[in-house]
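>>> build me a model from this:
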Amino acid sequence: MWYFTWFIGVLLACFFSIIISLTIEYKEK
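Numbering: from 1, shown residues only. Below is the predicted model:
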């Protein structure tokens, strides 16, 4: 089941990177 944990980790990384990029764009406006 290691691939399942790795998949969740990748999803969390993508999710946080999108949130960070959105917050940066919001602060720049």
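>>> and for F7, the neighbour number?
Neighbours of F7 under the rule other C-beta atoms under 10 Å: 10. Any C-beta I mention is one placed from the backbone N, CA and C, and that applies to glycine too.
>>> make that Y26, sorry
8.
>>> that one and C14, how far apart?
19 Å (C-beta to C-beta, to the nearest Å).
>>> then I8?
11 Å.
>>> go on, K27?
Taken as C-beta to C-beta, the span from K27 to C14 is 21 Å.
>>> got it, and F4?
Relative to C14, and taking C-beta to C-beta, F4 is found at 16 Å.
>>> okay, helices next: where are they in this protein?
Taking DSSP state H as the test, the helices found in the chain are 2-28.
>>> K27 and C14: which is more packed in?
Neighbours per residue (other C-beta under 10 Å) separate K27 from C14, with C14 holding more: 10 against 7.
>>> look at that one and report its pLDDT.
In the predicted model, C14 carries a pLDDT score of 98.
>>> ditto for I8
Reading off the model, I8 has pLDDT 97.
>>> start the count at 81 instead of 1 going forward.
Sure, I'll start counting at 81 from here, so that last one is I88.
>>> what about it, how many neighbours?
10.
>>> now it: how far from E105?
26 Å.
>>> and C94, by the same measure?
17 Å.
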